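# with the sequence up front, the predicted model follows.
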Amino acid sequence: MRSQSSHPRRTRRNILQLAGIATGAAIVAPVLHNLKISGFSPGSVIHTLKTSKSILEAANAKNSQAMKIVASPKPTGISKVVLVHTEDRVSGTQQALDLLQPDGIEGKSIFLKPNYNTADPSPAATDTKLLAALVEKLQKAGVGKITVGDRSGMAQTREAMKLKGVFQLAERYGLEAMVFDEMSTEQWQYFSPSGTHWQQGFAFARPILQAGAVVNTCCLKTHRGAHYTLSLKNTVGMVAKYVPGDPFNYMNDLHTSPYMQQMIAEINAVYQPSLVLMDGVETFVEGGPESGKKVAANVILASTDRIAIDVIGLGMLRLLGSTNEVTQGSIWKLAQISTAVELGVGVSHPDQIQLITADRASQRIADQIRRYIT
C-alpha cells in the first residue's frame, strides 16, 4: 500500500508534467494555484486534474485551432429593410416577416439569438410575446429545429432567461434553450487577434456557427458604453466572457478598449444571419442598455442585412432626438458602421437600402428617416 506521504508528491509531479504540455506561464500558474490551495486531498486532486485538462483544452483551442476573421467582398446589390408602423409587437412582427419573405430558411435548423443582457422590460430585453410570435412564424415557414440562446452581460444568463419565460416558451414550442455561460470549451470557437482590435482574439459560440440559419432579434436603443445597441451590438452576446480553462476576460477586454466600436464590428465578420428583427415599438433615446429615457418609436424593422437595418435604426434614433454620439456626423462614419462596411458585413451606401412599407403611416416614417441616412 502506498503511503499517504508519497502520494501527494507523486500527484504533484504528475500534474506538473501535465501542465508542462501547455505553453506559457499563463497556463501553468492556475494549476500551481489549485495545488497550493487544495492540500492534495484525493477530491481536490481529481478537481485539479479536471481543471488542468480544461486549461490544456482551452490552450490547444486558442493556440492551434483558432481561426482568422476574413473580410468579405462588399455587397453590390440592394438590401431590403421592412418598416412597419405599429404599437403591437405581435402583429408588427407578423406583418414585417410577411413583407420581407426571407429566403433560405425552410427545412434548416435555426439558432435564434435574442437580447437578454438583463431581464428588464423592453426595450432593455427581448419582449417574450414578440419572441413567441417570431417562433410561430418560423415554424409556419417550415424551418427545422429551433435553438434559442444567449449570454447576458449585466445579469446571470440563466436567471434572466428564466425571468423572461424562455424555458417555458421552449417547452411550449419544442425548442432547445441554451445558456452560453454553461457551455464547455469544445463549444467555443476561437478566432485569433490577427487583423482585429481584440488583445487575445475572441471565442464565438459554435452552435451559432453550426446552425443552418441564424436569426438575430434585437432592440432599438442607445447604450452608455457602446453608444447604441442594435443588430451589430447584439452579436456581443454570441461571444464568451470566459471559456472554461481560459482565465482571460474577453468582455473586460471589449469594455475597457478605446476600440470597442471596431471590436463589435469585427465579431460580426464570422457569421451571416438569415433574418434580423428589430423591436422599436419602444426605444431608449438616452441611457441604456438596461434603463434610460424611453419613448414610443412604434416601429418594427426586419432585414437580412445588419448594416442596412442598423443604419435605419440609427436614422430612427436621430429622428426621435438622441445622444451626441448617435446624432453627430454621418451615420456611415460611425465606427461600428464604418468598420462593418470595411469587413463586408453588409451594404456600404444609402442607395443600396430599399425601405419596404405597406401603409401610409409607415411610409411617412420611412420618408423622414431617409434624410438622416445619406
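Structure received.
# hey, let's count contacts and neighbours off CA atoms from now on
Fine.
# what helix or strand is D98 on?
helix 89-100 (DSSP states H and E).
# now the following helix or strand past that helix, how far from the centre of its chain.
The helix or strand immediately downstream of helix 89-100 is strand 110-113, counting by DSSP H and E. In this view, strand 110-113 has its centroid 11 Å away from the chain centroid, taken as C-alpha atoms, centre = their mean, to the nearest Å.
# burial of G292, as a residue count?
Using other C-alpha atoms under 10 Å, G292 has 18 neighbouring residues.
# return the residues in contact with it.
Counting by C-alpha atoms under 8 Å, 6 or more residues apart in numbering, G292 touches F284, V285, E286.
# off-centre distance for the host helix or strand of the last one?
In other words, E286. Assigned by DSSP H and E, E286 belongs to strand 275-287. When C-alpha coordinates are averaged (C-alpha atoms, centre = their mean), strand 275-287 and its chain have centres 15 Å apart.
# that one relative to helix 89-100, how many degrees between them?
For strand 275-287 against helix 89-100, the angle by axes from the mean of the first three to the mean of the last three C-alpha atoms, to 10 degrees is 130 degrees.
# G174 versus the nearest residue to I337 once chain neighbours are set aside, what's the distance?
Spatial nearest neighbour of I337, excluding adjacent residues (C-alpha to C-alpha, 6 or more residues apart in numbering): I307 at 6.6 Å. Distance, I307 to G174, using C-alpha to C-alpha, to the nearest Å: 32 Å.
# more neighbours, those two?
I307 (28 against 12).
# which is the next helix or strand following the strand holding E286?
Reading on from strand 275-287 to the C-terminus, the next helix or strand found by DSSP H and E is strand 292-303.
# residues of whichever helix or strand comes after that following strand that come out buried?
Where DSSP H and E defines the elements, the next helix or strand beyond strand 292-303 is helix 306-320. Under the neighbour-count criterion of 16 or more other C-alpha atoms under 10 Å, helix 306-320 has 306-319 buried.
# quick one: average pLDDT of the helix or strand just after helix 306-320?
Later in the chain than helix 306-320, the nearest helix or strand by DSSP H and E is helix 324-327. Averaged over helix 324-327, pLDDT sits at 97.
# one more: stretch 222-234?
The model assigns stretch 222-234 a mean pLDDT of 97.
# repeat for stretch 58-74
Mean per-residue pLDDT for stretch 58-74: 89.
# what about V215, which helix or strand?
Using DSSP H and E, V215 falls within strand 213-223.
# helices or strands up against that strand?
Where contact means 3 or more C-alpha pairs under 8 Å, 6 or more residues apart in numbering; DSSP states H and E, strand 213-223 is packed against strand 110-113, strand 227-229, helix 231-234, strand 275-287.
# between that strand and strand 292-303, how many degrees?
Put simply, strand 213-223 runs at 150 degrees to strand 292-303, going by the same axes, to 10 degrees.
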